[in-house]
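# here is my input, please return the structure:
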Amino acid sequence: MPQPTLSQLIRTCAADDLRAFLLDAMAEDDRLARKFRQRFEPHDGPDAAADLLRDIDELCEAYPAFISWRAAGSFESEYLDLVESYLAPARKARGLDRLLALCTASFTALTAIEIDDSDGFFSVAIGQVLDTLRKAVNWSSRAREGVFAWILAFDQKGVPRRPNCPRELHRDILSFEREGLEKLLLDVYGEDERRARDFIALADARIAAALKEAQQDRERDRERAKRFGSSTGLGRYGYQSYTIARWVQVRLHAMRLAGEDYQERLAYARDYLELKDVRQWLVDDAVARDDRDEAIRLLEEEQGDLTQITWALPQLADLYRETGRTADEETALQTMVSSGRLATVGHLARLRELTPAEAWPARRGDILAGLDTGNPWRCRILAEEGMVAELMDDIEARPNTTDLDEYRDLLFAHDPDRTLGIWHDLLMREARQMQSNRRDYERFGKSVAHAAKLPGGPALRDRVVSEVVALYPRRPALREVLARV
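The predicted model follows:
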C-alpha cells in the first residue's frame, strides 16, 4: 500500500489532535513558532511598529550576539520574512503612516544587528525598505509628499541608538541607510521643480559636513607629519572629494530647476572647479544650452597648453571640430595620437583626414618613432594603417597572447608560418619558466589548448608537447596534463 501524502494524512486527523501536535512541535522548535506567529498573528494593529521591533528582538535573541557567516543566511531569510509579514498588510491597506512607522522600526533594528555582512545582509535588508517606499510613492500625491517628508526627517534625525548597541555600528549602518535614502530621493524627486529648494538645503548641509571632515583630515595629517615626518599629501578636499563633488552637482542641478541662471550656477561652482566632476557638469550644462564657446572656455581653463595630456583634451578636440577651430583640433589630436594616451582609432583617422595625403607617411613615421616597440597603441596604429609586416616585427620582438589574439586574422593572412613560429616560441618560453607544481602545469596546458585552436594549431600543439616532454622527462604530472590537451 503506498504511503499517504501529508495532505491525505492531515485530513484523517481530528482538529484537536492537530492543534495538540502543532503546539508540541512549536514548543520544541522556536523557529517554527516564529514562522507560525508571522503567518497567523495580526500585523496591522495600531502598535504594529512596536510589535515589529519586539519580534525582531526575539529573532535576534535566538541567534548568537554576533551572527557568523554560518548562520547569516538563515538569519537573513527569517529577518526578511518577518519584516515582510508586517509590510505586506500595510501596503495592501495603503496605510501610509503605519508603513512609514514600520520602515523606521526596521531601520532602527538594523543599526543594532551585529552580523557577518560578507553576503550583503544590510544591502538586502535596507533594499527591502527602499523598495517599499518606492511603491508607496505611487499611491497618491499625499503618499508622495509623505514619503518625501519622512526621508528628510530621517536624514536629519536618523534613529536613536538602541541599548547596548556599539556607537560605531550604529553610526556605520545609519550612514548606509542614509546613503540608500539619498539615492531614492534623487531618483524619485530629483526632477521635481517644487523640491528644488529642499535639495539645495540638503546639498548645503551635506557639503558643509564634508568640508568640515576634510578640514579635520588635513589637521590630523599635519599632526602626523609633525610626529612622524611624513604626510599623506591630502589635497584641499582629501578623502571627501567624491562626496563634495557629488553634492555640488546635486545643488547645481537644483539651482537650474529653481530657475537660477547660468552665471549664478557658475559663481557658486567656482570654488569647486578643481573637482573634475563639477567642471564636467558645467561643461555638459553649457553644451546642453548649445553654448559651445563656454564649454570650450571651461575645458581650456583646465587644459592649459594643448601639448599637454589632461582629461579635458578629447572633449576639446571634439568641440574644436564642431566650432570650426581646425588648427586647434589638429594640435589636440597630434598630442593624443603621438602619446597614445586617451587616443582612439577615431582620433587617428581624423588626424589622417586633416593631413595632406603626401605628408601623412612622414607624420605617421614620426608618431610611430615616438612609441616603443610593442606599445599597444603603436600596434593599433600599424594594424589600422595596414602595416602588417611592421606589426609582426613588433609582436615578434615582444610576443604576448593579447596581441597575437587581437591581430590573429591579419597575422595569419600575412604569414601563417611565421605567426605559428611566434606562438611556438611564446609557448616554449612559458614552458621554461614553469615551476614544478600542478598549478603551473594546468596553466600551461590551457595555453597549449588555446593555441591548438589556431589555423595549423593541432600540429603546433603536437610539436610543443613533444618538446616539453623531452625538456622535462621526469615530470609525470606535467605529461598527464599535456595528454588531455
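
# can you verify Leu234 is assigned to a strand?
No - Leu234 is assigned coil when assessed by DSSP: H, G, I helix; E, B strand; the rest coil, not a strand.

# what strand or helix carries the closest residue to it other than its chain neighbours?
Leaving out its chain neighbours, the residue that sits closest to Leu234 by Cβ to Cβ, 6 or more residues apart in numbering is Asp221, at 5.1 Å. Where C-beta positions appear, they are placed from N, C-alpha and C, glycine not excepted. In the assignment (DSSP states H and E), Asp221 maps to helix 196-228.

# same thing with Leu371?
Per DSSP H and E, there is no helix or strand for Leu371.

# how about the closest residue to it other than its chain neighbours, what does it touch?
Of all residues not flanking Leu371 in the chain, Arg378 sits nearest, at 3.9 Å (Cβ to Cβ, 6+ apart). Contacts for Arg378 were tallied using Cβ atoms under 8 Å, 6 or more residues apart in numbering; they are Gly340, Leu368, Leu371, Asp372, Asp394.

# and the pLDDT for Glu353?
Note on Glu353: pLDDT of 98.

# count the neighbours of it for me.
By other Cβ atoms under 10 Å, 11 other residues sit near Glu353.

# same thing with Ile67?
21.

# from what I see, it and Asp116 are in contact.
Yes - with contact defined as Cβ atoms under 8 Å, Ile67 counts as touching Asp116 (6.5 Å).

# on that earlier part again, residues of the helix holding Asp221 that come out buried?
Across helix 196-228, burial judged by 16 or more other Cβ atoms under 10 Å covers 196, 198-200, 202-203, 206-207, 210-211, 213-214, 217-218, 221.

# let's have the contacts of Arg378 in CSV, adding neighbour count.
As requested, the contacts of Arg378 are arranged in CSV below (neighbours: other Cβ atoms under 10 Å):
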residue, neighbour count
Gly340, 18
Leu368, 19
Leu371, 19
Asp372, 10
Asp394, 22
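
# and which of those is nearest to Leu410?
For these, the minimum distance to Leu410 (Cβ to Cβ) is 12.2 Å, reached by Asp394.

# for the closest one, which non-adjacent residue is closest in space?
Thr373 (5.3 Å).

# which SSE is the one you found in?
Using DSSP H and E, no helix or strand contains Thr373.

# what is the neighbour count of it?
Thr373 has 14 nearby residues by other Cβ under 10 Å.

# quick check, pLDDT for it.
At Thr373, pLDDT is 93.

# gap between Glu442 and Ala477?
Distance, Glu442 to Ala477, by Cβ to Cβ, to the nearest Å: 10 Å.

# no no, Ala210
57 Å.

# what of Arg325?
In terms of Cβ to Cβ, Arg325 sits 65 Å off from Ala477.

# Gly386 too?
46 Å.

# Gly229 too?
On the measure of Cβ to Cβ, Gly229 and Ala477 end up 52 Å apart.

# which of those two has more residues huddled nearby?
Shown here are Gly229 and Ala477; by other Cβ under 10 Å, Ala477 has more neighbours (13 against 7).

# wait, a helix at that one?
Yes - assessed with three-state DSSP, Ala477 lies in a helix.

# what about the strands in this structure?
Taking DSSP state E, the chain contains no strands at all.

# which secondary element of it has the worst mean pLDDT?
helix 30-40 (a mean of 61; mean pLDDT, DSSP states H and E).

# circling back: among the contacts of Arg378, which pair sits farthest apart?
The farthest-apart pair in the contacts of Arg378, when distances are taken by Cβ to Cβ, is Gly340 and Asp394, at 13.5 Å.

# quick one: stretch 411-419 to chain centroid distance?
Taking Cα atoms, centre = their mean, to the nearest Å, one finds the center of stretch 411-419 at 41 Å from the center of the full chain.

# if you could redo that for stretch 103-119, that was the one I meant.
On Cα atoms, centre = their mean, the centre of stretch 103-119 falls 23 Å from the chain's centre.

# what distance separates the start and the end of it?
Using Cα to Cα, to the nearest Å, the end-to-end distance of stretch 103-119 comes to 22 Å.

# okay, buried residues for that stretch please.
103-113, 115, 117.

# quick revisit: now do the helix holding Asp221: which elements does it pack against?
helix 141-157, helix 241-257 (3 or more Cβ pairs under 8 Å, 6 or more residues apart in numbering; DSSP states H and E).

# out of these, flag the one nearest Ala49.
So among the helices and strands packed on helix 196-228, helix 141-157 is nearest, using Cβ to Cβ, at 12.8 Å.

# which residues touch the closest one?
94, 96-97, 100, 103-104, 107, 133, 136-138, 177-178, 181-182, 184-185, 188-189, 195, 198, 202.

# and with 7 Å instead?
Contacts to helix 141-157, defined as Cβ atoms under 7 Å, 6 or more residues apart in numbering, come from residues 96, 100, 133, 136-137, 178, 181, 184-185, 189, 195, 198, 202.
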